[in-house]
Each structure stands twice: as C-alpha cells, then as structure tokens.
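1. Take a look and give me a structure for this.
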Amino acid sequence: VTIYDGDEADPALLVYDSTTDPRSEKTPVSYVPAFEEVEKLAVFGRTWSVKLSSLPSFDAASDTSKPFHILVLGFFLSVLLGALALVMQSRRRKILEQNAMLEQRVHERTAQLRENEVRLLSAEAFLSGVVNKIADPVFVKDDHRCFVLVNDALCAIVGHPREGLLGKSDDDLFHEVQAAGFQQADEGVLDTGRENVTEEFAINLTTGEKRTIITRKTRYIDPAGNRFVVGVVRDITERKQADEKLRLSEKILREAQALAKIGNWSMNPATGEVSWSEELYRIAGRDPSFAPPTFQNHPGMFTPDGWQRVQAAVEKILADGQPYELDLEMRRPDGTTVWVRGLGNARRDSGGKVIELYGTVQDITMQRKIMKELQTQREHLEEMVTERTAQIKDSEELYRVVIEKTGQIMYEMDVAPAQPTHSGAIEEITGFSQPEFSNLSFDQWLAGIQPEDRERVLPQIIAATKVPGSFTFEPIFTTSIDFFSIAH
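-> Numbering: from 1, shown residues only. Okay, here's the model as predicted:
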C-alpha cells in the first residue's frame, strides 16, 4: 500500500509506503506487479491517492492466466479499498468529533483566560489601589533588584514618577555608595530569608531633600519559585527631630534639676513600684544603675518620725487626692542624712480612682543650714539691740537730768499733727506749765517767736523739715537767745 497526498500517484507526493516496514516483503525497484489499483479518496477536504499493488510472492502464487484468479484478485482489491475508505471515513468522523471537542475546549479555555485576565486586571487594580492608600512608602523588587511595584508614597519620597522607577534598579537611580548598601541588604534578604531592618537616609532625586527613614525588607517566593524583596519604608525624620528635641529637653531638665537640687518621682499605688529621676538618685545617695526601692522599702530611708509623716500623707492623698508638702530628714546608705522637701500629687482615672502618685523631692540641706545660721545671727542681733536699747535709755535718762539741772529745754514736735514732747526747765524758761506747754499748737508755738525773728525763722523751720539744720531766734516768752536743732 502506498498513499500520495494528491490526485495522482506521483512519487514526489508519497507520504506512506508499507514496504518500508521491516516485516514487509521487499520489492525490487524494477519489479512490475501483476495487479495494481489506484483509488482516489477525499478526506478532510483534501484528495488522497491510495495505490494497492501485489507483491512478488502473491504474484507467484497466483495464475494470472485464469479469469477466476483475476476476478478474485479484483474483488479482493475492491474490498480492501472499500475497507480502507471506511476506516478513513471512520477516522475522519472521529477526528472531526475530536476537532469539535478541541474547538469547544479552546473556546472555553479562551473564555476562561479572558475571565482570568479580567480578574487579574481587577486584582492588580485592587492591589495597586490598596498599596497606594498605604501612607508609608512600599516597593517590591525582583530577583534582579529591579522595581516591579511601587506606591505613590514611595514615588513622593524618591521624587520620581512610577514610570521612572518600574524596571529600574538602585544602580540606575541612586549614588553608587547608597546603591551598594541597598543591594547588600537585598541580597541578604533574598539569600537568607531573614527580615532586614535598617535606618538610613533617603534623598529626594528631584529636590535633593534628605530624609531619615527606616526600611523593613522581607522575602517573598511565588508559586513559580521567583524570589522578590518586599520593602516598607517609614519616614522618621520628624520623629528623629522630636527625639532630638526631647533629648535636649531632658538634658536641660537634668541640668536644671541638678542646679536646683530637685528630683522627680512617680509611684504605682497598686504595685508599689517607683521610678526616680537621675537627680533624685543623687539626692538619695543611691546608684542609678539599680532600681529605686519600692514604697514598702521606704521606711529605712527616713527617720521613724519622718516615715510616720510620709505614711500619713500617702494614705491621705490616696483617700482625697489632695497634694501634700513635707520637710523630712532622709537617710542615705552611707550613713549621712539630708533634709528634703517632698511634694506629692495624684493622677486619677475617669472614675476618680487614684492610679498614680507623682511629685518632686528637693534637697534643702543647705537652705536649712543657712536658715539656722540666720536665726542664730538674728537672735544675736536681738540681744545686741536689747543691750543697746538699754544703753540708750540710760543715756536719755542721763541727758534729761543734765537738761533739767542746767536750765535748758529739750523739745520735739511733729509738724502735722502737732504732738510735742519735751523735758527740762520749761516753767522757769517759758513761764508755761508743762501741761500748757504740751498743748501748744504749731501755730501757737510760732506765735511765741518774736515778730522780727518769725519771718527769718519760719523758712528755716520749713527747710529743716526736709533737710536737717539749725537756727537761732529770740522767743517772746524769754529774753535770752536759745539755740534750736530741728530734724525731719
């Protein structure tokens, strides 16, 4: 059997030859078969030529000179060709059926692929939307360290649009040294699978602004085995600045507390746990590398009387929440003591329950020492004043006696209101009795001056009320000239 792809048995169109089968009888090239039949068949829209030829062994066993043999051979060839046609038609139907099934499956598969594509696009849009809603910069790099996903926040901090980042590596975008650092971290994550957290600097590629960031990188492996670096960036520039300001404030506070010798504390009433500032450790003479003593261990820090006062103050503030202030003698571990002034306040929850006590402790040892010295000096000064007052009284009494014995008058009077005080020989000199002289008003006293002296003395008196001075005049009530000293 030989089959040709065409309507002629052209050797150039040969597609099948049964004699090529190793089990088949070989036919010499020059052999001419006794019987040969060619049938044309149309299959799958194409024309095929099928040729049936007798083999030499068949020809040798057949008597071609007898009509019966020819008839049998022709019938055999016809049956064979018919059977071949039926087989090919049957196969054609099966192929057509299979082809229809394949076309249906292709159609279904195509529809499924289109549906999957729509779902994929929807998932990508959803993922992109979600990622872009994340305030922190997010990125994904492939195994070649190229960006395959970035969100809007990353584009903003880097200063590049998404199109300028996707498909680019760190070498394409950043300085050589910075890119090398990024690449080293990426390789460590991809090779080990361990998370990498690094504080670093990011420079906006457009504005040149330098920001402090923390980058957290992890590894992701998809079902196909592809490795990716997933990174989340946290911009901590403002936090770093706030931390720096906080550290500076804490430093200033420590220095201020050290200068003022004031420490602060807090206590949890439920547990008795206490926290101290650095200056309070210094005041108490304790090592700041150890935890401060709990409230239950406070009795050893004060004198018995001081501890009773502390207990009473704490019980009261827990009950009513009112602040307290105490001056106490504190005992240090080295045996020395210091005087401190403790202030306590309470913090309450929404229900009014005291949940925390806090306050300050000030070292007032030097203040108490100064106050004690001042008290000693004050007492000494009071003793000196008492002694001096007694001496002055003795001197005044002696002076009064001298005035009286020598026929003089010592006279004092406030100008407004007139409240004269005097001593000496008043009646002998003025002619007034002591009560009468005491009741003289300032105007009456001026009227007692000789007219020729009054105009001269009055300005002197007025000036003397401002600046101490002295003057002389002759009063009407005496013929002698006296000397007056007037002071304001």
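
2. okay, stretch 275-289 in CSV with CA atoms only?
-> The C-alpha coordinates for stretch 275-289 follow below in CSV (Å, rounded to 0.1, in the frame of the first residue of the first chain):
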residue,chain,number,x,y,z
SER,A,275,10.5,55.5,89.3
TRP,A,276,13.1,58.1,90.1
SER,A,277,14.9,60.8,88.1
GLU,A,278,18.7,60.9,87.9
GLU,A,279,18.9,63.8,90.4
LEU,A,280,16.7,62.0,92.9
TYR,A,281,19.2,59.2,92.9
ARG,A,282,21.9,61.7,93.6
ILE,A,283,19.9,63.3,96.5
ALA,A,284,19.2,59.9,98.0
GLY,A,285,22.9,58.8,97.5
ARG,A,286,22.0,55.7,95.6
ASP,A,287,23.3,54.0,92.4
PRO,A,288,21.1,54.9,89.4
SER,A,289,22.1,51.6,87.7
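
3. Would you mind listing the outside residues contacting it?
-> Stretch 275-289 is contacted from outside by 254, 257-258, 261-267, 292, 301, 330, 332-334, 336, 338, 340, 361, 363, using C-beta atoms under 8 Å, 6 or more residues apart in numbering. All C-beta spots, glycine's among them, are computed from the backbone N, C-alpha and C.

4. quick one: buried residues of that stretch?
-> Using 16 or more other C-beta atoms under 10 Å as the test for burial, stretch 275-289 gives W276, S277, E279, L280, Y281, R282, I283, A284, G285, R286.

5. what mean pLDDT would you report for that stretch?
-> Here stretch 275-289 scores 90 as its mean pLDDT.

6. Now the strand or helix carrying R92: average pLDDT?
-> Using DSSP states H and E, R92 maps to helix 67-133. Average pLDDT, helix 67-133: 77.

7. now swap in stretch 375-391 and tell me
-> Taken as a whole, stretch 375-391 has a mean pLDDT of 84.

8. With stretch 47-62 instead?
-> On average, the pLDDT along stretch 47-62 is 78.

9. what do you get for stretch 200-218?
-> Stretch 200-218 shows a mean pLDDT of 76.

10. ok, now stretch 292-300?
-> Averaged over stretch 292-300, pLDDT sits at 84.

11. For that stretch, measure first residue to last.
-> Its first and final residues considered, stretch 292-300 spans 13 Å by C-alpha to C-alpha, to the nearest Å.

12. what's around the residue lying closest to D17 once chain neighbours are set aside, how many residues?
-> Leaving out its chain neighbours, the residue that sits closest to D17 by C-beta to C-beta, 6 or more residues apart in numbering is T2, at 4.9 Å. Other residues within reach of T2, judged by other C-beta atoms under 10 Å, total 18.

13. try F432
-> 15.

14. Checking my notes, it in a helix, right?
-> No - F432: not assigned to a helix; according to DSSP: H, G, I helix; E, B strand; the rest coil it is coil.

15. how close does it get to L440?
-> 8 Å (C-beta to C-beta, to the nearest Å).

16. Same check on D152?
-> 103 Å.

17. again, but for K141
-> 113 Å.

18. Out of the two, name the residue with the larger neighbour count.
-> Per other C-beta under 10 Å, whichever of K141 and L440 has more neighbours is K141, with 24 against 18.

19. what bridges to the closest residue to the more buried one other than its chain neighbours?
-> Nearest residue to K141, sequence neighbours excluded (C-beta to C-beta, 6+ apart): V229, at 4.3 Å. Going by DSSP bridges, V229 is paired in beta bridges with K141, R219.

20. gap between V229 and P223?
-> Counting by C-beta to C-beta - V229 and P223 are separated by 18 Å.

21. D305 too?
-> Where P223 is concerned, D305 sits at a distance of 78 Å (C-beta to C-beta).

22. Which one of the two is surrounded by more residues?
-> Just comparing D305 and P223: by other C-beta under 10 Å the higher neighbour count belongs to D305, 10 against 5.

23. any idea how far the more buried one is from D327?
-> Counting by C-beta to C-beta, the separation of D305 from D327 is 12 Å.

24. same question, E278
-> Counting by C-beta to C-beta, the separation of E278 from D327 is 23 Å.
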